[in-house]
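In: need a 3D model of the sequence below.
(one chain, ligands or ions: 1)
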Amino acid sequence: MSYQDESNCYVGSFPKDFSYGPFEQNGDDDNTSLQEDHKPRILLMGLRRSGKSSIQKVVFHKMSPNETLFLESTNKIVKDDINNSSFVQFQIWDFPGQIDFFDPTFDSDTIFGGCGALVFVIDAQDDYQDALDKLQQTVTKAYRVNNNIKFEVFIHKVDGLNDDYKMESQRDIHHRANDDLAEAGLEHVHLSFHLTSIYDHSIFEAFSKVVQKLIPQLPTLENLLNILISNSGIEKAFLFDVVSKIYIATDSSPVDMQSYELCCDMIDVVIDISCIYGMVDETVEINTFNNQSSSLIKLNNGTVLYLREVNKFLALVCILREENFQKQGVIDYNFLCFRDAITQVFELRNKCQNALSIPRTRSDSPEAQTNGAAESVESTSDRSQAQVP
Ligand SMILES: Nc1nc2c(ncn2[C@@H]2O[C@H](COP(=O)(O)OP(=O)(O)OP(=O)(O)O)[C@@H](O)[C@H]2O)c(=O)[nH]1
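Out: Here you go, the predicted structure:
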């Protein structure tokens, strides 16, 4: 199903109210709350037409890859708030390709200061020398402001390349990008490289890895998954954010792309069936993916895919051998323990967030506003920088 920007339409398999909220949030919007501005930010940067907006729309707004052909060029920073009750909470800022760091109105302190990860997109189907120059400039500028930023390079549009050329490009880009950084005296800065395309699952996999680096609870989640699989005879388990299909954690065994794709497809199947045939009581809520949701698919190679809902936005998808599924009772019991543990992690996180937001809420009060100059300066400059000349 494709994306349509009309009311009452569906976003992929989901009713629109199941998505992350407004389709796009303009940086000029006065309603942008302080709290939103304090979420970790992922910046999408790269040359014009490298595919930044397409990535954001395909991964987070269920736009079909073919529809990205009609996307118009971005000419100002577009902020998109990715926010649900799961661990996936951040803002994505999509930058125009022609951004000029030397323009005096480009406030790099504000832009890079609150940034968690910077995704730099390189069009691998094009000559990438200019992109590499821009990458060096961008990393140098960003690192000077904030040395905690995770730098992620997406070698993008690899769908058009054969396997040999893909590997060759990756090696070449990796080499030249690191040489450029060394030249700038930044040899200690780590760049992570991902081969991506919006036409397959690679973009979801790459974004999963970016997002995971911004989840402080990741080691706990991985630990819980390790305990679950070792006690249940499971081969591989993914904890999915069902709206975006990015996995926010997996156990410590290596991820192979085919397993990930199978699990993604399973989520699509479950959501599609739930939305088409699920019991919908419109007076209560339209959500048919709920705590009753589970699914079992037996494959012809003796393995089983098993999905269980963890909460409204999270699902556990496991791959296991058919003979191990005979003890389903044990698996289900272990799953309930796992779900309880996840709930506790959530509660703890919410407590911490509430504790952090109390001083902020106080500073929003009228009397605090007269004294809280630093906070208000930050928010004002944040918005004024939403426009790029
Ligand atoms: N073959 C292929 N084309 C892609 C891919 N991703 C994006 N494109 C195409 O690349 C073109 C440019 O995409 P945009 O998302 O508008 O690029 P952008 O970087 O946001 O461009 P600006 O807003 O001008 O900075 C569109 O025609 C997309 O369909 C990909 O993975 N593979």
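
In: what helices or strands is the top helix by length along the chain leaning on?
Out: Looking across the chain with DSSP state H, the single longest helix is helix 328-364. Counting contacts by 3 or more C-beta pairs under 8 Å, 6 or more residues apart in numbering; DSSP states H and E, helix 328-364 is packed against helix 34-37, helix 218-232, strand 303-311, strand 314-321. C-beta here means a position set from N, CA and C on the backbone, and glycine is covered the same way.

In: and the ones you listed, which is most packed in?
Out: Mean neighbours per residue, mean count of other C-beta atoms under 10 Å, is largest over the helices and strands packed on helix 328-364 for strand 314-321, with a mean of 22.

In: residues from the stretch 101-250 of the chain in reach of the ligand?
Out: Within the stretch 101-250 of the chain, the residues that sit near the ligand (C-beta under 6 Å from any ligand atom) are 156, 157, 159, 160, 197, 198, 199.

In: farthest pair in the residues you listed?
Out: Pairwise distances across these (C-beta to C-beta) peak at 11.8 Å, for the pair 160 and 198.

In: counting neighbours, go ahead and name the busier of the two.
Out: residue 198 (21 against 12; other C-beta atoms under 10 Å).

In: ok so that one is a strand residue?
Out: No: per DSSP: H, G, I helix; E, B strand; the rest coil, residue 198 lies outside any strand segment and is coil.

In: wait, it sits on residue 54?
Out: Yes: between residue 198 and residue 54 a contact is recorded at 5.4 Å, counting by C-beta atoms under 8 Å.

In: my guess is residue 184 meets residue 136, correct?
Out: Yes: the pair residue 184 / residue 136 is scored as a contact, 6.0 Å apart, by C-beta under 8 Å.

In: who has more neighbours out of these two?
Out: Per other C-beta under 10 Å, whichever of residue 184 and residue 136 has more neighbours is residue 136, with 18 against 14.

In: so that one touches residue 181, yeah?
Out: Yes: with contact defined as C-beta under 8 Å, residue 136 counts as touching residue 181 (6.5 Å).

In: show me the contacts for residue 39.
Out: Residues near residue 39 by C-beta atoms under 8 Å, 6 or more residues apart in numbering: 81, 83, 89, 90, 91.

In: does it belong to a helix, a strand or coil?
Out: coil.

In: for residue 187, see how far away it is.
Out: Going from residue 39 to residue 187 by C-beta to C-beta, to the nearest Å gives 31 Å.

In: then residue 100?
Out: Taken as C-beta to C-beta, the span from residue 100 to residue 187 is 26 Å.

In: got it, and residue 91?
Out: In terms of C-beta to C-beta, residue 91 sits 30 Å off from residue 187.

In: more neighbours: which of those two?
Out: For residue 91 versus residue 187, neighbours defined as other C-beta under 10 Å are more numerous around residue 91 (22 against 10).

In: surely the more buried one forms part of a helix?
Out: No: counting by three-state DSSP, residue 91 falls outside a helix, being strand.

In: bridged to it, which residues?
Out: residue 41, residue 81 (DSSP bridges).

In: what residues does it make contact with?
Out: 36, 37, 39, 40, 41, 42, 79, 80, 81, 82.

In: again with residue 90
Out: 39, 40, 41, 42, 82, 116, 211, 214.

In: state the distance from the second one to residue 88.
Out: Spelled out, it's residue 40. 11 Å.

In: report the helix or strand with the lowest average pLDDT across this protein.
Out: Across the helices and strands of the chain, the lowest-confidence element by mean pLDDT, DSSP states H and E is helix 373-384, at a mean of 30.
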